[in-house]
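**Student:** Following is a predicted model, sequence given first.
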Amino acid sequence: QLIYIACSYATVYLIYMKFKATYDGNHDTFRVEFLIVPVGGLSFLVNHDFSPLEILWTFSIYLESVAILPQLFMISKTGEAETITTHYLFFLGLYRALYLVNWIWRYYFEGFFDLIAVVAGVVQTVLYCDFFYLYVTK
C-alpha cells in the first residue's frame, strides 16, 4: 500500500510539476463534472453497504471505469496523440483486461464474485476497446 501511495504522489508530481509545460489547455475541454457527479450519485445508490468507506470504495471503482473518457475525448478531438501516450494507454488497458482474467480465476477457484467490480470493469474494458481500435488503426 505504501508503494501504491508513493507511486500516486510521484505521478501527481510529474504531471503538475515536471511536465506541466506539456499541458495543452486549448484542447482540454472535457468537463469532468459530467463524470464525477453521476459516478458520485451512482455510488450512493448502488453499493454493497451504505457506509462511508463502502461508498468511497464504490465511487473509486465507478470513477476508475470511466477515467479514460477525457483522454479518449482528447484523442478523438485532436485526431492525434504522442506515441508514448498511446503506448501508455494501450498497456494500461491491457493491464485492466488482466483484471477480467483475475475475476474469472477467483470465481473458478475461490467462488468469489463482486458484481460492482465486474460491471465497472466490463464498462472500462469496453471503453478501452474503443481506444484499442484507434491504437491499431493509426
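**Tutor:** Structure received. Just so we're clear, the structure is a prediction, and the values are computed from it rather than from any experiment.

**Student:** so what's the backbone phi/psi at the residue of the chain most remote from its centre?
**Tutor:** For the chain, the largest distance from the centre (CA atoms, centre = their mean) belongs to F109, which lies 26.8 Å off. Backbone torsions for F109, taken as degrees, to the nearest 10, come to phi -100, psi -30.

**Student:** just L89 next, same as before
**Tutor:** phi -70, psi -40.

**Student:** Leaving out chain neighbours, which residue sits closest to F112?
**Tutor:** Ranked by CB to CB, 6 or more residues apart in numbering and with sequence neighbours excluded, the top spatial neighbour of F112 is R106, at 4.5 Å. C-betas here are computed from N, CA, C, even on glycine.

**Student:** Quick one: list the elements packing against the host helix or strand of that neighbour.
**Tutor:** When elements are assigned from DSSP states H and E, R106 belongs to helix 83-110. Where contact means 3 or more CB pairs under 8 Å, 6 or more residues apart in numbering; DSSP states H and E, helix 83-110 is packed against helix 115-137.

**Student:** what's next to the helix it packs on, contact-wise?
**Tutor:** Contacts with helix 115-137, where a contact means CB atoms under 8 Å, 6 or more residues apart in numbering, come from 46-48, 58, 61-62, 64-69, 71-72, 75-76, 86, 89-90, 92-93, 96-97, 99-100, 103.

**Student:** Ok, stretch 103-113 next?
**Tutor:** Taking CB under 8 Å, 6+ apart as the rule, stretch 103-113 contacts 114, 117-118, 121.

**Student:** Please tell me which one of those residues counts the most neighbours.
**Tutor:** Within these, most neighbours by other CB atoms under 10 Å means G121, with 20 neighbours.
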